[in-house]
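> Okay, here's the prediction I keep looking at, along with the sequence it came from:
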Amino acid sequence: MDLSTSLGRLKLKNPVLVASGTFGIGEEMRRIFNIDLLGGIITKSVTLKARFGNPPPRICETPSGMLNSIGLENVGLERFLKEKLPFLKKRKTVTIVNVAGHTLDEFVTVARALDRAGVRALELNLSCPNVGREGLEWSQDPRRAAEVVRAVKRRVRACVIAKLSPNVTDITEIARAAKDGGADAVSLINSLIGMAIDPVTRAPRLGAQTGGLTGPAIRPVAVRCVWEVARSVRIPILGMGGIASAEDALEFILAGASAVAIGSANFVNPKAALEVIQGLGNYLKRCQIRGISDLVGGAQPHA
Amino acid sequence: MPILQNSVRIVSNRRLAQDHYRLRLERPRSFPEIEAGQFVQLRLEEGWDPFLPRPLCLYEHSRLWMDVVYQVVGRGTAILSKKKAGASVGVLGPLGLGFPILLDGDTYVFVAGGVGIASLYLAAKELVRQVKGRARFILLFGLKSVGMLHCHQDFRELGFELRIATDDGSYGKKGYVTGLVEQLFEKEQLGRVWVYACGPRPMFLALTGILPRFGQDAYLSLDEHMACGVGVCLGCAVKTVRGNGDPYRLVCKEGPVFKMSEIDWESKK
């Protein structure tokens, strides 16, 4: 029984990672369980300069999910390299650093610095809904998506994964652009833009008015995105969006994801990723399947 | 310090007053030591709706059990209130940094609004244990109506003087608890005072208008919408008056207890 998998040239000991922004870098979660057992850790977004984040309230519960408008709060590149990276380097699991930027130059500068510091994989956040339109536009315009991926790819040795937004008409078009730009893989999906209003105060429930919807509520949308991209673009897929159990993870793998990430389920059940790893192992055993890679894209369309 | 995540059994789930319950949970042997003012994340384990766990302060505990007192305010707490002994809930904790236990007070004033009283009891118990006989303990408790009166007897048994206000005048003085605070500080010689408080946002805002007039700060246990409870989601940020750099702090990890003077109350209005 083999749980190992890969995203292009990035080898993973198992296909279960934790999604950006739902795990910090693991310092807190390490107090709850052994995070070295994860297939990988995708960090909270790193930007060139520190960002303090959006005004509260920053989260709001919704049916089977939640909205967030954190606003890319992070300590910035310099402090990340000094204070966070050493912790990640000591882990016995793959680190993927999520990179966000306002400009092409910012993406390239941050990516290069991380690459030079020895980071082996980068996830480009082309799709943060919480920093105004500029956060999203990288993954709403295929030309710009290709442009930023290409610019980063030219300057780094690290594996480059483009994280795409579902807030588009045709996600396969953006995935194809990311591939043309040279992306090693795509992460599907980032959160959906959403909103909630309090009838008592008659005001939006989030301080930033709108936010990103995550949780089991978005899973069918995410599975559909993975399915569409897997069937039309030859690029490895890291699937995410509402995964909370091994059954959920299997949907993504069968739709075509080579690996998956657990997102806001980490907030509800910090050991969700461990349970998914174990559940996938049990599934392979029960179905007498040799390895996870035999399942990737295994769902056949109805005639 | 480790944090324990576990499914634990409900020992009892007793109604204390209208909409208020005291939930007793089995305390797992490996559950870390609890400090006054810390909380747990309670999660309904069936399904994903409600999605998020509920952060609740620990009320009292022994080696074998731990209690939270909660008010039914929405669907999550309504479901919780129907749980019977023997059922289980998910627990993550202990979380946060609790109240400082300051031993040099002449008078300890506890200000509670509604179910906020539940966050204060452990600190009250610990302070009484350490300084009883050397200091005066006063509980100022405000609530909507007499039907919601709960937990006050536990403070009385610790030796607290009780002053209670109800919005509708059905018990104690008619009005808000902050009226009791104003009256206390205006009329009495209290010596060196430490104020511990927990309640709804309007109560905190009112305290910021009263206590500074008497040169008094307070330790407050704050409530924010919270997802993870451990400091990774960055959802429960509260704005502070820290001048340079990041003004936000996390209620779950750097709180829930903050000094009143640390918080940017303009941002909470």
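Yep, that arrived.
> Settle this for me: A:Thr43 is touching A:Ile96, isn't it.
Yes: using Cβ atoms under 8 Å, A:Thr43 is in contact with A:Ile96, at 7.2 Å. Just so you know, the C-beta spots here come from the backbone N, C-alpha and C atoms, and that holds for glycine as well.
> residues contacting the most centrally placed residue in chain B?
By Cα atoms, centre = their mean, chain B has its centre lying nearest to B:Ser119, at 2.1 Å. Counting by Cβ atoms under 8 Å, 6 or more residues apart in numbering or on different chains, B:Ser119 makes contact with B:Gly37, B:Phe39, B:Cys57, B:Cys198, B:Ser221, B:Pro256.
> and the gap between the nearest residue to the fourth one once chain neighbours are set aside and chain A?
When you say that, I think you mean B:Cys198. Leaving aside its sequence neighbours, B:Cys198 sits nearest to B:Gly116 (Cβ to Cβ, 6 or more residues apart in numbering or on different chains; 3.5 Å). Per Cβ to the nearest Cβ, to the nearest Å, B:Gly116 is found 19 Å from chain A.
> Quick check, B:Gly116 in contact with B:Pro202.
No: counting by Cβ under 8 Å, B:Pro202 is not a contact partner of B:Gly116; they are 11.7 Å apart.
> Those two: which is more packed in?
B:Gly116 (25 against 13; other Cβ atoms under 10 Å in any protein chain shown).
> ok so, going back, just give me the closest of the contacts of B:Ser119 to chain A.
Relative to chain A, the closest of these is B:Pro256; by Cβ to the nearest Cβ it sits at 14.0 Å.
> interface residues of chain A facing chain B?
Selection of chain A residues close to chain B by Cβ under 8 Å from any Cβ of the partner chain yields A:21-24, A:28-29, A:31-33, A:44, A:50, A:52-53, A:55-66, A:68, A:70, A:73, A:215-216, A:244, A:264, A:266-271.
> Can you flag the buried ones in those?
Neighbour counting with 16 or more other Cβ atoms under 10 Å in any protein chain shown marks A:21-24, A:28-29, A:31-33, A:44, A:50, A:53, A:55-62, A:64-66, A:68, A:70, A:73, A:215-216, A:244, A:264, A:266-271 as buried within the residues of chain A next to chain B.
> ok, back up a step: quick check on the residue nearest to the centre of chain B: phi, psi?
As for B:Ser119, its main-chain torsions (degrees, to the nearest 10) stand at phi -80, psi -10.
> can you check the one 10 residues further on too?
When quoted as degrees, to the nearest 10, the phi and psi of B:Arg129 stand at phi -60, psi -40.
> circling back to that earlier point, just the ones of the residues of chain A next to chain B in helices?
Mapping the residues of chain A next to chain B onto helices (DSSP state H) picks out A:Asn266, A:Phe267, A:Val268.
> and the buried ones among the residues of chain A next to chain B, which of them are in strands?
Counted as lying in strands by DSSP state E, out of these, are A:Ile59, A:Cys60, A:Glu61, A:Thr62, A:Gly65, A:Met66, A:Asn68.
> ok, those residues vs chain B, which is closest?
Ranked by distance to chain B (Cβ to the nearest Cβ), these are led by A:Ile59 at 3.6 Å.
> Give me the local confidence score for the nearest residue to the closest one once chain neighbours are set aside.
The shortest distance from A:Ile59 to any non-neighbouring residue, by Cβ to Cβ, 6+ apart, is to B:Gly235 (3.6 Å). Among the per-residue scores, B:Gly235 shows a pLDDT of 97.
> Then A:Val99?
Reading off the model, A:Val99 has pLDDT 97.
> cool, A:Arg157 as well?
pLDDT at A:Arg157 comes out at 97.
> hey, what's the nearest residue to A:Ser187 once chain neighbours are set aside bridged with?
Once flanking residues are discounted, A:Ser187 sits nearest to A:Lys163: 3.9 Å by Cβ to Cβ, 6+ apart. Note on A:Lys163: beta-bridge partners A:Asn125, A:Ser187, judged by DSSP bridges.
> Pretty sure A:Lys163 sits against A:Glu123.
Yes: counting by Cβ under 8 Å, A:Glu123 is a contact partner of A:Lys163 at 5.3 Å.
> what is in contact with these two at once?
A:Ser20, A:Asn98, A:Ser187.
> pLDDT of stretch A:257-264, averaged?
Mean pLDDT, stretch A:257-264: 98.
> okay, how far is it across that stretch, tip to tip?
End-to-end distance for stretch A:257-264: 19 Å, by Cα to Cα, to the nearest Å.
> Name the helix or strand for the nearest residue to A:Met1 once chain neighbours are set aside, please.
Spatial nearest neighbour of A:Met1, chain neighbours left out: A:Leu284 (4.9 Å); criterion: Cβ to Cβ, 6+ apart. Using DSSP states H and E, A:Leu284 sits in helix A:272-287.
> What about A:Trp89, how many residues nearby?
No Trp there; residue A:89 is Lys. When neighbours are counted by other Cβ under 10 Å, A:Lys89 registers 11.
> Which pLDDT value goes with the residue in the stretch 201-303 of chain A that chain B sits nearest to?
Proximity of the stretch 201-303 of chain A to chain B (Cβ to the nearest Cβ) peaks at A:Phe267, 4.0 Å away. A:Phe267 is assigned a predicted lDDT (pLDDT) of 97.
> pretty sure it contacts A:Thr22?
Yes: using Cβ under 8 Å, A:Phe267 makes contact with A:Thr22 at a distance of 6.6 Å.
> quick revisit: quick one: contacts for the residue nearest to A:Ser187?
Neighbours of A:Lys163 in contact, by Cβ under 8 Å, 6+ apart: A:Ser20, A:Asn98, A:Glu123, A:Leu124, A:Asn125, A:Leu126, A:Ser127, A:Ser139, A:Val186, A:Ser187, A:Leu188, A:Asn190.
> A:Ala261 now?
Listed by Cβ under 8 Å, 6+ apart, the contact set of A:Ala261 reads A:Val16, A:Leu17, A:Val18, A:Ala19, A:Ser20, A:Ile42, A:Ser187, A:Leu238, A:Gly239, A:Met240, A:Ile243.
> Now the terminal residues of stretch A:99-107, how far apart.
End-to-end distance (Cα to Cα), stretch A:99-107: 7 Å.
> buried ones in it?
Buried residues in stretch A:99-107 (16+ other Cβ under 10 Å): A:Val99, A:Ala100, A:Gly101, A:Glu106, A:Phe107.
> what do you get for stretch B:170-177?
B:Tyr171, B:Gly172, B:Tyr176, B:Val177.
> Redo those residues as JSON lines? Include distance to chain A.
Shown next, in JSON lines, are these (distance: Cβ to the nearest Cβ, whole Å):
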{"residue": "B:Tyr171", "distance to chain A": "26"}
{"residue": "B:Gly172", "distance to chain A": "27"}
{"residue": "B:Tyr176", "distance to chain A": "20"}
{"residue": "B:Val177", "distance to chain A": "22"}
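> Farthest pair within those residues?
The span of these, defined through Cβ to Cβ, is set by B:Tyr171 and B:Tyr176 at 13.6 Å.
> Assess the claim that A:Ala162 and A:Asp180 are in contact.
No: when contacts are counted by Cβ under 8 Å, A:Ala162 is not listed as touching A:Asp180 (10.9 Å).
> between these two, which one's more packed in?
The neighbour comparison of A:Ala162 against A:Asp180 (other Cβ under 10 Å) goes to A:Ala162, with 33 against 16.
> so what's that one scoring on pLDDT?
97.
> any idea how far the closest residue to it other than its chain neighbours lies from A:Arg116?
Counting by Cβ to Cβ, 6+ apart, A:Ala162 lies nearest to A:Ala178, which is 3.9 Å off, once chain neighbours are set aside. Distance of A:Ala178 to A:Arg116, computed by Cβ to Cβ, to the nearest Å: 23 Å.
> which of the two has more neighbours?
Remark: of A:Ala178 and A:Arg116, A:Ala178 carries more neighbours, 31 against 13, as counted by other Cβ under 10 Å.
> Would you double-check that that one falls in a strand?
No: counting by DSSP: H, G, I helix; E, B strand; the rest coil, A:Ala178 is not found in a strand; it is helix.
> What score does it have for pLDDT?
With respect to pLDDT, A:Ala178 has a value of 97.
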